[in-house]
Structures are given as structure tokens and as C-alpha cells.
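J.: compute the structure for the input listed below.
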Amino acid sequence: MDYKILLNNLIDTLVRYGIRLVIGLFILFIGFKLTKLFIKKLENGKGFQKIDKSAQSFIKSFLNITLKVLVVIIAASILGVPMTSMVAVLGSLGLAIGLALQGGLTNVAGGVLLLLFKPFIVGDYIKTENGHEGTVVKIDIFYTTLRKADNTKIVVPNGILSNEAIYDVSHYPTRRVDLTFSTGYKDDVKGVIRVLKEVASRHELVLDDPAPFAALQSHGESSLDFVLRVWTDKDNYWTVYFDLCAAVKEEFDLRGIEIPYPQMDVHIKDAPNK
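T.: Got it, this is the predicted structure:
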């Protein structure tokens with residue numbers, strides 16, 4: 001008789017908690033599906049499209065994680081886990097995760113700072129002190145994704161970007177192109193400067209204001225080094241850079257201006273006869 005009572009109690013317990021388990025799993029499944037659907041609807045909404053693109057990725061990532069955590073809490077409560085115990089567990093778990101993932105929390109804080117102060121936005125071409133550079137593709141909670149000129153993907157932690165100098169190359173509509181050319185010591189300084197300005201002025205993508213600037217920069221070991229500085233639209237930077245390199249070489253050849261290369265004079269002294 002005792003065995004029958006025990007068996008009945010066991011069956012009742014399994015049925016009761018089995019139903020709760022099924023409902024909990026169902027809540028998880030539906031909750032995650034609804035979260036995905038909500039994020040997709042939000043992304044396609046007209047109001048959301050008006051938000052800065054830099055903030056869009058961050059908001060989507062934050063809402064996705066927050067809603068899924070909420071779904072897990074609801075499923076746990078259906079399974080009969082007391083909310084007080086749930087809060088205590090979440091608090092302890094949060095503390096443990098916080099200690100273990102200090103870098104991750106730093107990245108989250110960095111992401112918030114990047115969105116608040118906007119040192120750059122999606123679409124900007126940036127450079128960092130650590131040598132990372134590329135076009136900003138998206139800013140998530142933990143990382144910022146860059147695309148290099150050779151189409152390489154770089155993922156940089158937000159904590160790093162929020163704590164170092166960032167060079168936003170494409171922030172302003174124009175950029176200055178700095179070039180250095182070397183000539184021989186026998187070449188006329190004023191003539192070389194005049195040639196550099198003429199070549200720069202002939203290029204259709206070089207801006208007239210500010211006007212091209214050329215000057216003798218330094219006296220090298222085997223050459224005179226001249227600097228040429230011109231302004232152009234930011235999208236034309238590399239076109240102007242490479243075009244001027246070729247055009248100056250061709251003009252130097254036509255004018256007979258020497259482009260020197262390092263040389264070493266070796267003097268051999270005969271040994272005295274014994």
C-alpha cells in the first residue's frame with residue numbers, strides 16, 4: 001500500500017513538474033522567436049531608421065540581450081523558482097560574471113560613451129593609436145567593426161576605442177595631401193618649387209583654395225628634400241596622391257631635374273712602400 005502511495009505521489013510530481021517544464025521550454029521558444037521578430041520589426045520601422053546608424057546597432061544588441069534575459073526569468077518563474085531566489089541568484093551571478101568579465105563590462109561602458117559623445121559614426125574612416133584603421137561598419141555593445149581598404153574585417157573592443165586617440169580621417173569634406181620629393185644639390189631650389197606648384201595646379205582634382213604649397217623641407221645626406229601640400233575632396237585623396245607622384249616624376253625628367261639616390265664615395269689610399 002505504501003508503495004502505491006509513493007508511486008502515485010511520484011507520478012503526480014512528474015506530471016506537475018513535467019507540465020511546468022514543457023510550458024517553460026515553450027515560453028523560451030516563443031519568447032526567443034518574438035524577440036527576434038520584435039528586433040526585425042524595430043529595425044524596419046521608419047522611426048528607428050531616423051536614429052543615427054551608430055546607435056542602431058547598439059540599441060538592437062542591447063534590446064536583444066535584455067529581452068532574452070527577461071524571457072529566461074519568466075520561464076524560470078513558471079518552473080516554480082521563487083523570485084527572491086531568482087534575484088539572489090542573478091545578483092550573485094552578475095557579480096561573478098562582472099569579476100570574470102571586467103574587460104567585457106569595460107567594452108559595454110565604452111560603447112555607451114561612443115554613442116553619447118560620437119567621436120565617429122558609421123561610415124567614417126578612422127585610425128587608432130594602435131594602428132587599426134578602416135571604415136566603421138557598425139557599433140555593437142562590445143565591439144566596433146571596421147572594414148579596411150582591402151576589404152579585411154577588423155573587430156575592435158569598444159573599451160580600447162574609448163580610451164585612446166582616434167583620428168577621424170573622413171570627418172571633414174576636404175583633406176590635405178602631403179608629398180615629399182628629392183632632388184640633387186645642383187638643382188635650382190626656386191625652379192623646383194615652381195615646377196611642383198605648376199604640376200599640382202594642373203591637376204583637375206586639386207583645389208585652388210587653399211592653393212598648392214611647395215617648399216624646401218630639409219637638406220638630406222645626398223639630396224634636397226621638398227614638400228608639396230595640396231588640398232582635395234576627401235574621396236579623391238588617393239587619386240591625387242598617386243597622380244601627383246607620377247606627374248612630378250615625368251615633369252622632373254622633362255626639365256632635367258635629378259632625382260638622386262644614396263651614393264657613397266670610397267677613397268683608396270695606397271699603402272706606403274717599405
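J.: in a strand, residue 144, correct?
T.: Yes. Per DSSP: H, G, I helix; E, B strand; the rest coil, residue 144 lies within a strand segment.
J.: do you know the pLDDT at it?
T.: Note for residue 144: predicted pLDDT of 91.
J.: so how far is residue 42 from it?
T.: Residue 144 sits 21 Å away from residue 42, taking C-beta to C-beta, to the nearest Å as the criterion. No exception for glycine: its C-beta is placed from N, CA and C like everyone else's.
J.: ok, the two, which is more surrounded?
T.: A direct count of neighbours by other C-beta atoms under 10 Å for residue 144 and residue 42 places residue 144 higher, at 29 against 15.
J.: so that one touches residue 135, yeah?
T.: No. In this structure, residue 144 is not within contact of residue 135 by C-beta atoms under 8 Å, at 11.1 Å.
J.: so residue 228 is in which element?
T.: Residue 228 belongs to strand 224-233 when assigned by DSSP states H and E.
J.: and that strand, how far out from the chain middle?
T.: 28 Å (C-alpha atoms, centre = their mean, to the nearest Å).
J.: what packs against that strand?
T.: When contacts are defined as 3 or more C-beta pairs under 8 Å, 6 or more residues apart in numbering; DSSP states H and E, strand 224-233 packs onto strand 174-183, helix 189-202, strand 213-219, helix 237-255.
J.: mind listing what residue 246 touches?
T.: Neighbour list for residue 246: empty [criterion: C-beta atoms under 8 Å, 6 or more residues apart in numbering].
J.: if I look at it, how far off is residue 157?
T.: Applying C-beta to C-beta to residue 246 and residue 157 gives a distance of 40 Å.
J.: now swap in residue 36 and tell me
T.: In terms of C-beta to C-beta, residue 36 sits 26 Å off from residue 157.
J.: okay, those two: which has more neighbours?
T.: Set residue 36 next to residue 157 and count neighbours by other C-beta under 10 Å: residue 157 wins out with 17 against 13.
J.: run through the bridge partners of that one.
T.: For residue 157, the beta-bridge partners under DSSP bridges are residue 143.
J.: pretty sure it is touching residue 142, no?
T.: Yes. The criterion here is C-beta under 8 Å, and residue 157 meets it with residue 142 at 6.8 Å.
J.: what sits in contact with each of these two?
T.: residue 107.
J.: pull the residues that contact stretch 56-73.
T.: Contacts for stretch 56-73 (C-beta under 8 Å, 6+ apart): 27-28, 31-32, 35, 38-39, 42-43, 48, 51, 86, 90, 111-112, 115, 122, 138-141.
J.: swap that for stretch 218-230, sorry
T.: 176-185, 187, 189, 192-193, 196, 200, 203, 206-207, 212-217, 240, 244, 248, 260-263.
J.: list the buried residues of that stretch.
T.: 223, 224, 226, 227, 228, 229, 230 (16 or more other C-beta atoms under 10 Å).
J.: any idea which of those residues is least confident?
T.: Comparing the buried residues of stretch 218-230 by pLDDT, residue 223 comes last, at 91.
J.: so how far is residue 20 from that one?
T.: 83 Å.
J.: equivalent analysis for residue 122, please.
T.: Residue 122 sits 45 Å away from residue 20, going by C-beta to C-beta.
J.: with neighbour numbers in mind, choose between those two.
T.: Neighbour count, other C-beta under 10 Å: between residue 122 and residue 20, residue 122 has more, with 17 against 14.
J.: check whether that one sits in a helix, strand or coil.
T.: When classified by three-state DSSP, residue 122 comes out as coil.
J.: touching, residue 24 and residue 76? I think so.
T.: Yes. Contact criterion C-beta under 8 Å: residue 24 and residue 76 qualify, at 7.3 Å.
J.: residue 166 contacts residue 117, doesn't it?
T.: No. Using C-beta under 8 Å, residue 166 is not in contact with residue 117; the gap is 10.8 Å.
J.: fine, thanks again, bye for now.
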